[in-house]
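Student: what's the 3D shape of this:
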Amino acid sequence: MSVVRMNITLPQDLAKELDKIAGSKKKSRFIAKTLQEKIARIKADEIQRHLEEGYKARTEEGRKIAKEFEAIDLEGWDEY
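Tutor: Just a heads-up that it's a prediction; the model follows:
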């Protein structure tokens with residue numbers, strides 16, 4: 001895997017927390033892993049949102065189709 005060197009700016013308190021959690025020599029690895037997890041979550045949320053939108057659209061479409069065929073569906077059924 002190729003790597004890219006970046007220069008980033010963080011608030012001082014966040015940088016101190018990073019030092020405490022990741023240690024002074026493992027910050028890059030910690031940041032890379034954290035970013036990968038966050039990006040994966042964002043992508044999963046986006047897929048979920050698209051699925052929900054599609055489901056809602058299909059639900060409305062299904063209701064319209066059911067309404068169109070309601071009379072035909074009920075033909076031949078005894079009334080109770």
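Student: residues in contact with stretch 72-80?
Tutor: residue 66 (Cβ atoms under 8 Å, 6 or more residues apart in numbering). No exception for glycine: its C-beta is placed from N, CA and C like everyone else's.
Student: May I see the buried residues of it?
Tutor: Residues of stretch 72-80 classed as buried by neighbour count (16 or more other Cβ atoms under 10 Å): none.
Student: same thing with stretch 17-37?
Tutor: Buried residues in stretch 17-37 (16+ other Cβ under 10 Å): 18, 22.
Student: gap between the two ends of that stretch?
Tutor: 19 Å (Cα to Cα, to the nearest Å).
Student: what does stretch 65-77 give?
Tutor: 20 Å.
Student: Point out where the protein drops to low pLDDT.
Tutor: Residues of the chain meeting the criterion pLDDT under 70: 79-80.
Student: residues touching residue 29, list them.
Tutor: For residue 29, the contact set (Cβ under 8 Å, 6+ apart) comprises residue 22.
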